[in-house]
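J.: only geometry, no sequence info:
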């Protein structure tokens, strides 16, 4: 099954499908979402830029079984870019079949092609399956020298 | 003393001073840093864009006693921008005198002016003084409905 999953970078023409997946993601996790009608045109705009990338996973007989949304930005500590994996979603019935790993692999390829020097992800504390998934793929929460982790703080101004 | 601190947005001409503060920050916390000679020209470039902002704190008789480095980006969940406070530093001898709070206030003003809908900060877990500082200013680590916090994960690709 893993071998059957292929990944690619979405184009603006895929915006409605990507919006549908992101909306389903929020619905499943009971997070407020602006809805497909808002997300689709916004994604069409964002995916036409060089700072927002959507990685999509397809099966031969079923496209759009997963999406990874990535934003790229500059950072003073690096000459290259920093990439944030904003979201990673696989449709429920196809989880644990390699689609997430395939999208992370596509993200690594993208990172190398675009000169990305750091990839970041904010992961809910206590979501041990997700934490283990990223740790298996080389992501760490702790600084190597201090063992210290960082918490994500936020505020709506 | 608080009243004497003024804040403003740095221009590219301030790049060398901002670089000096960021370098001092890293030296104090024993973090590897590329050095002022690398940071200054990089900042001169970044500060000329609309996606990197440095807030600086000045005293009447001593400019550049603190810096807050902010990056602005788009995000699919918001029609406006998301701001990340990458760094916030005050020279050691002037801490606990309001410079940090003044820079956060300047950040709120900037957020309102630029249509920022979310401000983010990654704070080291266990750095209780810093966590309390941000919490006093309205930043939260926990989602209001679930109480769940998020950890910052990273990987160099």
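T.: All right, it came through fine. Not measured: the values here are computed from a predicted model.

J.: Identify the residues contacting the residue most central in space within chain A.
T.: In chain A, the centroid-proximal residue (C-alpha atoms, centre = their mean) is residue A:68; its distance is 3.0 Å. The contact partners of residue A:68, by C-beta atoms under 8 Å, 6 or more residues apart in numbering or on different chains, come to A:54, A:55, A:56, A:85, A:87, A:88, A:89, A:103, A:104, A:106, A:107. The way it works is simple: take the backbone N, C-alpha and C, and place the C-beta from them, glycine included.

J.: now, which of the residues you listed lie within helices?
T.: Among those, DSSP state H puts A:103, A:104, A:106, A:107 in helices.

J.: I'd say the first one and residue A:87 touch.
T.: Think residue A:103. No: using C-beta atoms under 8 Å, residue A:103 is not in contact with residue A:87, being 10.6 Å away.

J.: joint contacts of the two?
T.: Jointly contacting residue A:103 and residue A:87 under the rule C-beta under 8 Å, 6+ apart are A:67, A:68.

J.: more neighbours, these two?
T.: In terms of neighbours (other C-beta atoms under 10 Å in any protein chain shown), residue A:103 is the more surrounded of residue A:103 and residue A:87; the figures are 23 against 18.

J.: Look at that one and report its pLDDT.
T.: In the predicted model, residue A:103 carries a pLDDT score of 98.

J.: The one 3 residues further on now?
T.: Residue A:106 is assigned 98 on the pLDDT scale.

J.: Next up, the contacts around it.
T.: By C-beta under 8 Å, 6+ apart, the contact list for residue A:106 reads A:7, A:8, A:9, A:55, A:68.

J.: hmm, 10 Å instead?
T.: A:6, A:7, A:8, A:9, A:53, A:55, A:56, A:57, A:68, A:70 (C-beta atoms under 10 Å, 6 or more residues apart in numbering or on different chains).

J.: ok, how many other residues are close to residue A:88?
T.: By other C-beta under 10 Å, neighbour count at residue A:88 equals 23.

J.: isn't it right up against residue A:139?
T.: No: assessed by C-beta atoms under 10 Å, residue A:88 is found out of contact with residue A:139, at 11.4 Å.

J.: And the residue nearest to the centre of chain A, what's its pLDDT?
T.: pLDDT, read off for residue A:68, is 98.

J.: helix, strand or coil for it?
T.: At residue A:68, secondary structure determined by DSSP: H, G, I helix; E, B strand; the rest coil is strand.

J.: Over to residue A:73?
T.: Applying three-state DSSP to residue A:73 yields a three-state assignment of strand.

J.: you'd agree it is up against residue B:70?
T.: No: look at residue A:73 against residue B:70 with C-beta under 10 Å: they stay out of range, at 11.5 Å.

J.: got any residues that touch both of these two?
T.: In contact with both residue A:73 and residue B:70: B:51, B:52, B:84, B:86, using C-beta under 10 Å, 6+ apart.

J.: In ChimeraX, how would I select just the buried ones from those residues?
T.: Buried residues among those (16 or more other C-beta atoms under 10 Å in any protein chain shown), as a ChimeraX selection:
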select /B:52,84,86
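
J.: Let me have the shared contacts of residue A:73 and residue B:70 in CSV, adding pLDDT and distance to residue A:118 as columns.
T.: Below are those laid out as CSV (pLDDT from 0 to 100; distance: C-beta to C-beta, whole Å):
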residue, pLDDT, distance to residue A:118
B:51, 97, 16
B:52, 98, 16
B:84, 98, 13
B:86, 97, 12
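
J.: of the shared contacts of residue A:73 and residue B:70, list those near chain A.
T.: Contacts with chain A within these, counted by C-beta under 10 Å from any C-beta of the partner chain: B:51, B:52, B:84, B:86.

J.: mind listing what the last one touches?
T.: The neighbourhood of residue B:86, defined by C-beta under 10 Å, 6+ apart, consists of A:73, A:75-77, A:82, B:22, B:52, B:54, B:68-71, B:120-122.

J.: what about the strands in chain A?
T.: Per DSSP state E, chain A carries strands over the ranges A:6-9, A:52-59, A:62-74, A:81-90, A:116-124, A:150-155.

J.: Who are the packing partners of the first one?
T.: The reference is to strand A:6-9. Applying 3 or more C-beta pairs under 10 Å, 6 or more residues apart in numbering or on different chains; DSSP states H and E, we find strand A:6-9 packed against strand A:52-59, strand A:62-74, helix A:99-114.

J.: Out of those, which one sits most buried?
T.: Looking across the helices and strands packed on strand A:6-9 with neighbours counted as mean count of other C-beta atoms under 10 Å in any protein chain shown, the highest average goes to strand A:52-59: a mean of 22.

J.: Within its sheet, name the partner strands of that one and how each one runs.
T.: Neighbouring strands of strand A:52-59 in its sheet, by DSSP bridges, are strand A:6-9 (antiparallel), strand A:62-74 (antiparallel).
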